[in-house]
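Colleague: Predicted structure and sequence below. I'll ask about it afterward.
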Amino acid sequence: MFDRGNLFDPDCPTRLILDRIGDKWTVLAVLLLSNGPLRFTELRDGIGRVAPKVLTQTLRRLERDGLVTREVFAEVPPRVVYTLTPMGESLITPIRAISDWAEEHVPAISAAQNSYDLDNA
């Protein structure tokens with residue numbers, strides 16, 4: 001339907017996709033779901049410090065984008081399970097690479113921030 005985007009074009013839909021996959025809640029949800037399907041409370045507890053409303057919005061956007069499926073089981077109380085789609089699974093490798101880079105460079109970045117703050121106080 002679309003040709004390959006040009007993320008330097010302000011009107012390109014690629015920017016919306018980058019915004020979505022660059023969101024910290026999306027990154028954390030995809031990483032948790034990379035281990036298999038999870039219920040909402042498992043996602044919330046695994047991510048930590050995320051408001052239920054924010055997690056719900058994130059999961060709905062991921063579902064709308066075709067990255068996550070939501071399955072509701074007719075039980076009392078209803079059970080809802082979230083699973084990565086094949087397209088969502090294709091995000092695991094790049095997200096892991098970025099998260100690994102971030103974890104590896106925390107000390108250097110913290111040192112740079114402290115140095116900058118001292119120099120610019």
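Modeller: Structure received. Residues are numbered from 1 along each chain as shown.
Colleague: Can you tell me how far the residue nearest to the spatial centre of the chain is from Val54?
Modeller: In the chain, the C-alpha nearest the mean C-alpha coordinate belongs to Thr26, at 1.6 Å (Cα atoms, centre = their mean). Look at Thr26 and Val54: by Cβ to Cβ, to the nearest Å, they are 11 Å apart. In short, each C-beta sits where N, CA and C put it, glycine included.
Colleague: What ranges does the chain have for its helices?
Modeller: Using DSSP state H, the helices of the chain run over residues 14-21, 24-33, 40-47, 52-64, 86-89, 92-119.
Colleague: How about residues contacting the second one?
Modeller: In this structure, residues lying in contact with helix 24-33 by Cβ atoms under 8 Å, 6 or more residues apart in numbering are 20-21, 38, 42-43, 46-47, 50, 54-55, 58-59, 61-62, 67-68, 82-84, 88, 91-92, 95-96, 98-99.
Colleague: Just the buried ones from the residues you listed, in ChimeraX syntax?
Modeller: In ChimeraX, a selection of the buried entries from those looks like this (16 or more other Cβ atoms under 10 Å):
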select :21,38,43,47,50,55,58,59,62,67,68,82,84,88,91,95
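Colleague: nearest spatial neighbour of Arg96, skipping sequence neighbours?
Modeller: Once flanking residues are discounted, Arg96 sits nearest to Leu31: 7.1 Å by Cβ to Cβ, 6 or more residues apart in numbering.
Colleague: what about that neighbour, distance to Ile92?
Modeller: 8 Å.
Colleague: what do you get for Leu59?
Modeller: In terms of Cβ to Cβ, Leu59 sits 17 Å off from Ile92.
Colleague: what's the answer for Phe40, then?
Modeller: Counting by Cβ to Cβ - Phe40 and Ile92 are separated by 20 Å.
Colleague: quick check: mean pLDDT across stretch 44-53?
Modeller: Mean pLDDT, stretch 44-53: 97.
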